[in-house]
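A.B. asks: I'd like to go over a predicted model; first the sequence, then the structure.
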Amino acid sequence: MNLGIFGGTFNPPHVGHLITAERVGDALGLDSILFIPSFISPHKQEGEERTAEHRLAMTRLAAAENPRFAVSDIEIQRPEPSYTIETVRSLRHERPEDHLFLIIGMDNFLTFHLWKEPKELLRSAALVVMNRPLYPKRVNEVLGTENVQFVDVPGIDVSSSEIRRRVHQGESIRYLVPQSVEAYIHQHALYR
């Protein structure tokens with residue numbers, strides 16, 4: 001099976017995540033795309049661990065309508081920062097027959113050499129870099145492009161931080177997140 005690995009904070013998951021994952025899946029012929037919400041990302045803000053269960057629940061709701069999408073709590077189950085290499089090792093152990101494709105954005109690719117054990121990651125999974133119009137294709141001068149595939153995805157001007165801001169200000173988030181995620185946010189009074 002060709003398995004895409006799509007990690008992130010997903011705070012909250014939005015239509016941009018879903019559209020780009022679908023585009024990558026189509027471009028590479030992936031059988032499944034596994035969304036993996038982080039417990040604590042090494043590169044993000046403090047307090048993520050307090051929202052982990054909500055982020056996991058919202059990601060499950062967002063992915064539910066697409067049979068190719070699945071969600072894993074592998075990083076939520078770890079009580080420490082989520083390093084991609086540890087997740088990939090676990091998935092490689094659980095799914096030794098699968099071909100793994102690690103999906104990241106161009107912005108992350110440019111600093112990929114600073115991630116924990118980047119060369120081991122490149123040996124363990126094919127790296128898929130999403131080209132978006134605002135992040136034109138560039139090469140990571142440290143790592144080069146061996147075992148890297150570039151996929152053009154549409155530029156979708158939606159961000160989780162903007163969605164959180166809109167909820168906090170009492171503004172609509174309709175069409176920015178799936179309806180089920182919007183209902184969950186309001187039901188649990190998130191981002192107020």
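C.D. replies: Okay, I see it.
A.B. asks: and the pLDDT for the most far-flung residue of the chain relative to its centre?
C.D. replies: Relative to the C-alpha centroid of the chain, counting by C-alpha atoms, centre = their mean, Gly170 is the outermost residue, at 26.4 Å. pLDDT for Gly170: 97.
A.B. asks: ok, now how distant is it from His186?
C.D. replies: Distance, Gly170 to His186, by C-beta to C-beta, to the nearest Å: 11 Å. Quick note: C-beta positions are derived from backbone N, CA and C, even for glycine.
A.B. asks: Pro118 now?
C.D. replies: Taking C-beta to C-beta, one finds Pro118 at 40 Å from His186.
A.B. asks: kindly report the same for Gly25.
C.D. replies: Per C-beta to C-beta, Gly25 is found 30 Å from His186.
A.B. asks: in terms of neighbours, single out the busier of those two.
C.D. replies: Gly25 (22 against 13; other C-beta atoms under 10 Å).
A.B. asks: now name the helix or strand holding the more buried one.
C.D. replies: For Gly25, the host element (DSSP states H and E) is helix 15-28.
A.B. asks: ditto for Pro67
C.D. replies: Short version, using DSSP H and E: Pro67 is in no helix or strand.
A.B. asks: the closest residue to Arg132 other than its chain neighbours: how many residues sit nearby?
C.D. replies: With C-beta to C-beta, 6 or more residues apart in numbering as the criterion, Arg132 has its nearest non-adjacent residue at 4.9 Å, and that residue is Gly155. By other C-beta under 10 Å, 12 other residues sit near Gly155.
A.B. asks: wait, a strand at Gly155?
C.D. replies: No. Counting by DSSP: H, G, I helix; E, B strand; the rest coil, one finds Gly155 to be coil, located in no strand.
A.B. asks: name the SS class of Phe101, please.
C.D. replies: Once three-state DSSP is applied, Phe101 turns out strand.
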